[in-house]
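In: could you look at this predicted model? Sequence included:
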Amino acid sequence: MKNFIKGALTALLLTLPGLSHADTPQLTIYTYESFTSEWGPGPQIEAAFEAQCGCDVNFVSLDSSIGILGRVQLEGANSPADIVLGLDTNLTDIAAKTGLFQPHGASLAPDNLPTDYTSDTFMPFDWGYFAFVYDKNRMATPPASFEALINGDNDIRIAIQDPRTSTPGLGLMLWMKSVYGDKAGAMWEALNPKIVTVTKGWWDAYSLFLEGEADMALSYSTSPAYHQIAEGADNYAAASFEEGHYMQIEVAAILKNAPQPALAKQFIQFIQGPEFQGIIPTTNWMYPTQASATPDGFDGLIQPETSFLFSASEVAANKDAWVSEWLAASVK
């Protein structure tokens with residue numbers, strides 16, 4: 001009887017003005033799969049924003065940042081998405097030239113970026129450095145430079161990602177290009193014997209490393225913080241390279257034809273607030289864009305003396321040629 005009464009009351013409430021699910025506005029956000037996983041930031045961010053917006057947050061999981069951009073390019077002006085979350089600055093020029101995005105209008109701005117970056121369209125929400133992660137129990141002395149990795153012990157096996165489908169894979173390609181310039185193709189050829197696999201996405205490569213199928217995996221300098229804080233394990237570390245490390249800044253942006261533009265602008269403002277920023281470091285395992293949100297467990301991570309970051313326009317102008325260079329070197 002109690003269940004019958006409860007069901008009847010629920011049905012009655014849903015028929016009252018302003019209380020039906022149909023009257024609840026939905027904010028649709030395209031992002032990458034790890035963001036929305038149960039251990040990622042998505043569930044907590046969804047709950048925190050819904051508590052203040054009176055809306056329903058609908059995260060749509062796609063396989064990668066590159067996949068997010070490809071999806072909205074395919075859908076064009078008819079995309080049902082309000083926001084894309086998870087592009088990085090290597091893709092923003094390409095994204096801007098689609099004409100599919102609008103200024104966000106947010107008054108809050110990051111105060112914790114390692115480089116000058118401003119945009120009225122793309123709002124940073126986290127950042128980090130690409131790095132090769134290793135297990136100290138299996139590798140006592142990791143390579144301390146690209147030179148040592150490429151020309152050192154040929155028994156080292158590394159897992160990397162494809163730059164055509166993976167943001168870290170693209171980051172590694174740009175990192176190699178930053179260090180070696182016109183010699184990058186030759187350096188890829190020299191590195192090939194150590195590459196045990198090239199995966200579509202980050203997790204595929206990193207999980208193989210965790211399972212012992214590779215000695216090192218391309219990941220982030222912040223990845224060891226996960227193992228230390230979440231697992232209590234201190235045997236994972238990022239190799240610090242003498243040449244420096246390539247940087248990644250992840251951003252969010254509002255679609256020009258967003259079905260819920262007011263909610264989208266509210267969410268972009270929310271990104272720089274303490275709730276969103278407090279969730280990011282220990283769920284997405286990246287540096288927050290607000291310094292006050294940096295947790296204590298991040299203070300032992302490597303701090304590159306030199307960092308690289310091509311401008312978005314440089315990446316847009318050269319990406320196809322650099323991918324072709326990588327492919328040519330990889331198939332030999």
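Out: Received, thanks.
In: how does this protein divide into domains?
Out: Using automatic domain parsing, the domain ranges for the chain come out as 2-127+248-298, 128-247+308-330.
In: in JSON lines: those domains, plus mean pLDDT and mean neighbour count.
Out: All C-beta spots, glycine's among them, are computed from the backbone N, C-alpha and C. Below are those laid out as JSON lines (pLDDT from 0 to 100; neighbours: other C-beta atoms under 10 Å):
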{"stretch": "domain 2-127+248-298", "mean pLDDT": "90", "mean neighbour count": "17"}
{"stretch": "domain 128-247+308-330", "mean pLDDT": "96", "mean neighbour count": "19"}
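In: pretty sure K194 is touching R157, no?
Out: Yes. Using C-beta atoms under 8 Å, K194 is in contact with R157, at 6.4 Å.
In: shouldn't S119 be in contact with T92?
Out: Yes. S119 is in contact with T92 according to C-beta under 8 Å; the separation is 7.0 Å.
In: name the residues contacting each of the two.
Out: Residues touching both S119 and T92 comprise V251, with contact defined as C-beta atoms under 8 Å, 6 or more residues apart in numbering.
In: surely D215 and F132 touch.
Out: No. Counting by C-beta under 8 Å, D215 stays clear of F132, with 9.2 Å between them.
In: overlap of the contact sets of the two?
Out: Between them, D215 and F132 share the contacting residues I158, judged by C-beta under 8 Å, 6+ apart.
In: where do the strands sit along the stretch 201-332 of the chain?
Out: 216-220, 236-238, 245-255, 287-288, 307-308 (DSSP state E, counting those that start in this stretch).
In: kindly reformat those strands as a markdown table containing distance to C53.
Out: Formatted as a markdown table, these follow (distance: least, C-beta to C-beta, whole Å):
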| stretch | distance to C53 |
| --- | --- |
| strand 216-220 | 30 |
| strand 236-238 | 37 |
| strand 245-255 | 15 |
| strand 287-288 | 21 |
| strand 307-308 | 36 |
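In: you'd agree N58 is in a strand?
Out: Yes. Secondary structure of N58 (DSSP: H, G, I helix; E, B strand; the rest coil): part of a strand.
In: element containing I45, please.
Out: helix 42-53 (DSSP states H and E).
In: so how far is that helix off the chain centroid?
Out: 19 Å (C-alpha atoms, centre = their mean, to the nearest Å).
In: other SSEs contacting it?
Out: strand 26-32, helix 33-36, strand 56-62, helix 261-271, helix 274-279 (3 or more C-beta pairs under 8 Å, 6 or more residues apart in numbering; DSSP states H and E).
In: returning to what we had before: H104 is nearest to which of the strands of the stretch 201-332 of the chain?
Out: strand 245-255 (5.5 Å; C-beta to C-beta).
In: strands paired with the closest one, and their directions?
Out: Using DSSP bridges, the strands paired with strand 245-255 are strand 83-88 (antiparallel), strand 101-102 (antiparallel), strand 123-135 (antiparallel), strand 307-308 (parallel).
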